[in-house]
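Visitor: Mind folding the following:
(2 chains)
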Amino acid sequence: MLTAVEQRQQELARRFEALAEPHVDELYRLAAAIAGIEDADDVTQEALTEAWRSFGQLRNEELFGRWIRTIVVNRCRNLLRSRRRSVRAISLDSVLPAAAEGNLPHEPGDFASDVAERDRLDRAFDHLALDHRAVLALHYTLDLPMPEVAAILKVPEGTAKSRLHVALSRMRAVLQEEPTA
Amino acid sequence: MSHLVNPGDEAIARYMRHRGAVRAPADFLQRSLAGAITAPGRLTLLNRFMPLAAAIALIAVAGLGLSARALLAPSGVQRPTPPVPPVPLLLQTFTDSGITLVPADSATLTAGDFEPIELGEFYLHGVSADGRTLAVLPFVRGNAGFVRIYDLASWRETRAREPVADDARLLTFAVDGSTVYWVEGRGANPTGGFPRGWNVRALAVGGGPASEVAELPERFQPREMRALDDGRLAVYGVATDFNGFSTSTARVVIAESESGVIAADLPLSGVTMGTERLPEEGPSRFESDEPATAWDLPAGLLYVVDAEAAALTTVDLNAATVSQQDIVPGSLPERLLSWLVPTARAKLLSGTDRSAALSPDGQRLFLTGMDRQVDDAADPLTYTETPLGLRVIGIDGRGLDRADLPVSELALSPDGHWLLMAGYSLRTPEGSGGETAGSGLYLADTANLEDIKHLEPSEVISLVGISFDSRYAYVLQQNRVDGPSRLRTLDLATGAFLSDVASPAANVLVIGGSPGTAL
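Guide: This is a model prediction of the structure:
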């Protein structure tokens, strides 16, 4: 016989799972885009756990997607801060096999076939601040419109656009400074 | 939809799509939430004893209105998320020239690319609430130096202009991190006795001279100090004579940091603390007790559990009031277990040290402790230390759970999910080197105290702390034949050890995490 507290807990868990399930892949992609595929598992898992623990605070379930994307971005922020002061070597090998898997989006002529360009872009991206990484990932990886990007980042739309502009400029500068050999 | 304004941006857009060209593994959501969603029907330790005393226990629980199991689950009380510190921990290394401190990776303990700071042979420290600022007071050749303040994000140092007194202690930050406080003795006894009293001093983090903030009451010896939201300082301690023997119960003094006025001096009735003479039991008879304390600064509360764990004293730091409740065992099994622990009686250096950790929701206290006895009836006279196990009580004094394990220290992860416990027992007949029996490390999910992992059984382990993100714990594992001990990193989710550094060459200072309650 379940207590009232346990019944309420069960109902909440069912509701949470129903709302979260359609977003899991997208959140995983967002985490991979911002923090790197090596940490996507941890970041997404922590974000889901945090979301569950805070689920009672969510007033409007229609905003679940936006709310949980914000949590993923914040978990990435935490991760990048903790990582900031340590030297981190990431093997390109750990990233490239993902693109080789047949069931992933694969664009003709994309950078998986151009390791040198990918390497430059990786290094440029690694130098971006979280705010700039997040705006690029939300806009280009998840293909979200700028008003939604701004809402997830909890900044005015103009600020989000400005961050996108800065992020693109910094990425471009690296590409231009280090042309493909 | 995309804001591509430059032909070259297409490469960037493609790159971003590729960075996210992954899929979550199968059943990822279910696996992620497996530990977070409390499954109905999980049993706690209390339930194991239900067949023994089902009827009585059920009556007791029903009388309390809620089941103990429900109370062990997260309460749903929301607290602000703790801030993320710019560095997760500092690696402390002992060298021939003294101690050095340097930021390090929280999993591998690999030192970052920073110039280590040198801290002499001993140092005191305090960390701001946001984990961004570290204050240290190094001692070189036994003398205190200058308070130094480090911005942990930039590793930039600010140094006080004048040295502090050699007996300075309790480095404590203001809530906003703008000021660091400490206490210094006044009227020091030239024969080395305890100071007549203590003064609170302050230094602005931005620089400038140190200033005197408040004069604590005569004979009051401060043990712990915290800054409150409204700028006042709460100091927990006890009055002593020049020899350090307690002359009062534990007390809480509240001082105004602006005016220096002592706003309150609150005796904690019945809470004995420090070393007391027991003249009725003969000359040279003492008892030494240390109550457990747990500060809930967001709620403006201090909890104190006396050495016998008979009462919970709650100090409302805002209202300057004290209330007390008996600690009530929650069930017959709880009482049965409590009877198994022999009552400590004072002999020579006998006494009890308690320690506590408060759950992040501020609703439960996890208690442990160590009982010390000198048996002068034995031949030869024998000194023993016995760990007192784990008790979990609510802040209303109600017993919630108990684990009869040989543990005397604990650390609770900042998210409240993990409970780490360790302990040892010691038996030293006079004239012998003594026998230490380690009990290893116990790791538990706080929502399910029945399922406790036992790691490195029989090793002597001490808890250093848990990282701010509740992922890693740091422990010192002592070699049982007096060889070098080891500093180890434990992954709390998997129970696996990740790194291992020879110690006493190294230790860590966890920033923004939970300290262990080593006694």
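Visitor: what comes up buried for stretch B:197-210?
Guide: With burial defined by 16 or more other Cβ atoms under 10 Å in any protein chain shown, the residues of stretch B:197-210 counted as buried are B:Gly197, B:Trp198, B:Asn199, B:Val200, B:Arg201, B:Ala202, B:Leu203, B:Ala204, B:Val205, B:Ala210. The way it works is simple: take the backbone N, C-alpha and C, and place the C-beta from them, glycine included.
Visitor: er, stretch B:388-408 actually
Guide: With burial defined by 16+ other Cβ under 10 Å, the residues of stretch B:388-408 counted as buried are B:388-395, B:397-403, B:405-408.
Visitor: Endpoint to endpoint, it covers what distance?
Guide: 6 Å (Cα to Cα, to the nearest Å).
Visitor: Does it reach chain A?
Guide: No - remark: stretch B:388-408 sits outside contact range of chain A, by Cβ under 8 Å from any Cβ of the partner chain, the gap being at least 14.2 Å.
Visitor: Skip ahead from the lowest-mean-pLDDT helix or strand in chain A and say which helix or strand is next.
Guide: Across the helices and strands of chain A, mean confidence by mean pLDDT, DSSP states H and E is lowest for helix A:96-100: a mean of 34. Using DSSP states H and E, the helix or strand that follows helix A:96-100 in sequence is helix A:115-126.
Visitor: ok, and for that following helix, which residues are buried?
Guide: Buried-residue list, helix A:115-126, by 16+ other Cβ under 10 Å: A:Glu117, A:Arg118, A:Arg120, A:Leu121, A:Asp122, A:Ala124, A:Phe125.
Visitor: Just give me the closest of these to A:Leu48.
Guide: Closest approach between the buried residues of helix A:115-126 and A:Leu48, by Cβ to Cβ: A:Phe125, at 24.6 Å.
Visitor: on that earlier part again, using a markdown table, lay out the buried residues of helix A:115-126 together with distance to chain B.
Guide: Formatted as a markdown table, these follow (distance: Cβ to the nearest Cβ, whole Å):
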| residue | distance to chain B |
| --- | --- |
| A:Glu117 | 7 |
| A:Arg118 | 7 |
| A:Arg120 | 10 |
| A:Leu121 | 5 |
| A:Asp122 | 8 |
| A:Ala124 | 9 |
| A:Phe125 | 8 |
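Visitor: Let's see the distance spanning stretch B:487-498 from one end to the other.
Guide: One end of stretch B:487-498 sits 11 Å from the other (Cα to Cα).
Visitor: contacting residues for the one residue sitting closest to the centre of chain A?
Guide: For chain A, the residue nearest the mean C-alpha position is A:Leu30 (2.5 Å; Cα atoms, centre = their mean). Each residue near A:Leu30 by Cβ atoms under 8 Å, 6 or more residues apart in numbering or on different chains is listed here: A:Arg69, A:Val72, A:Val73, A:Ala137, A:Leu138, A:Thr141, A:Leu142, B:Gly20.
Visitor: hmm, which of these are the buried ones?
Guide: Looks like the contacts of A:Leu30 have A:Arg69, A:Val72, A:Val73, A:Ala137, A:Leu138, A:Thr141, A:Leu142, B:Gly20 buried, using 16+ other Cβ under 10 Å.
Visitor: Among those, find the lowest-pLDDT one for me.
Guide: Note: of the buried ones among the contacts of A:Leu30, the lowest pLDDT belongs to B:Gly20, at 86.
Visitor: what's across from B:Ala466 in the sheet?
Guide: For residue B:466 the amino acid is Ile, not Ala. Following DSSP bridges, B:Ile466 is listed with bridge partners B:Ala473, B:Ser514.
Visitor: pretty sure it is touching B:Leu419, no?
Guide: No - using Cβ atoms under 8 Å, B:Ile466 is not in contact with B:Leu419; the gap is 9.8 Å.
Visitor: anything in contact with each of the two?
Guide: Joint contacts of B:Ile466 and B:Leu419 (Cβ under 8 Å, 6+ apart) are B:Ala411, B:Leu412, B:Ser413.
Visitor: Out of these, name the ones that lie in strands.
Guide: Per DSSP state E, strands hold the following members of the shared contacts of B:Ile466 and B:Leu419: B:Ala411, B:Leu412.
Visitor: Any of the shared contacts of B:Ile466 and B:Leu419 buried? List them.
Guide: B:Ala411, B:Leu412, B:Ser413.
Visitor: Serialize those residues to TSV and add fields for distance to chain A and pLDDT.
Guide: Output for those, formatted as TSV (distance: Cβ to the nearest Cβ, whole Å; pLDDT from 0 to 100):
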residue	distance to chain A	pLDDT
B:Ala411	19	95
B:Leu412	16	95
B:Ser413	13	94
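Visitor: and A:Ala18, how far is that from chain B?
Guide: According to Cβ to the nearest Cβ, to the nearest Å, A:Ala18 and chain B sit 10 Å apart.
Visitor: The residue nearest to the centre of chain A in helix, strand or coil?
Guide: helix (DSSP: H, G, I helix; E, B strand; the rest coil).
Visitor: tell me which of the buried ones among the contacts of A:Leu30 is nearest to B:Val136?
Guide: A:Val73 (34.3 Å).
Visitor: How about the secondary structure of the closest one?
Guide: helix.
Visitor: Now for residue 18, how many residues are close by?
Guide: You didn't pick a chain, so chain A it is. 11 (other Cβ atoms under 10 Å in any protein chain shown).
Visitor: ah, I was thinking of chain B
Guide: B:His18: 26 neighbours (other Cβ under 10 Å).
Visitor: Are we agreed that it is in a helix?
Guide: Yes - residue state for B:His18 (three-state DSSP) corresponds to a helix.
Visitor: TSV for the buried residues of helix A:115-126, including distance to A:Phe16 and pLDDT?
Guide: Listed next are the buried residues of helix A:115-126 as TSV, based on distance: Cβ to Cβ, whole Å; pLDDT from 0 to 100:
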residue	distance to A:Phe16	pLDDT
A:Glu117	41	71
A:Arg118	37	75
A:Arg120	41	79
A:Leu121	36	83
A:Asp122	35	84
A:Ala124	37	85
A:Phe125	32	89
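Visitor: Reformat those as JSON lines; add distance to B:Ala263.
Guide: What follows is the buried residues of helix A:115-126, written out as JSON lines (distance: Cβ to Cβ, whole Å):
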{"residue": "A:Glu117", "distance to B:Ala263": "66"}
{"residue": "A:Arg118", "distance to B:Ala263": "63"}
{"residue": "A:Arg120", "distance to B:Ala263": "62"}
{"residue": "A:Leu121", "distance to B:Ala263": "60"}
{"residue": "A:Asp122", "distance to B:Ala263": "58"}
{"residue": "A:Ala124", "distance to B:Ala263": "56"}
{"residue": "A:Phe125", "distance to B:Ala263": "54"}
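Visitor: which one is residue 144 nearest to, not counting chain neighbours?
Guide: All of this is about chain A. Once flanking residues are discounted, A:Leu144 sits nearest to A:Leu138: 5.0 Å by Cβ to Cβ, 6 or more residues apart in numbering or on different chains.
Visitor: that's the wrong chain, I wanted chain B
Guide: B:Ala144 sits nearest to B:Asp166 (Cβ to Cβ, 6+ apart), 4.8 Å away.
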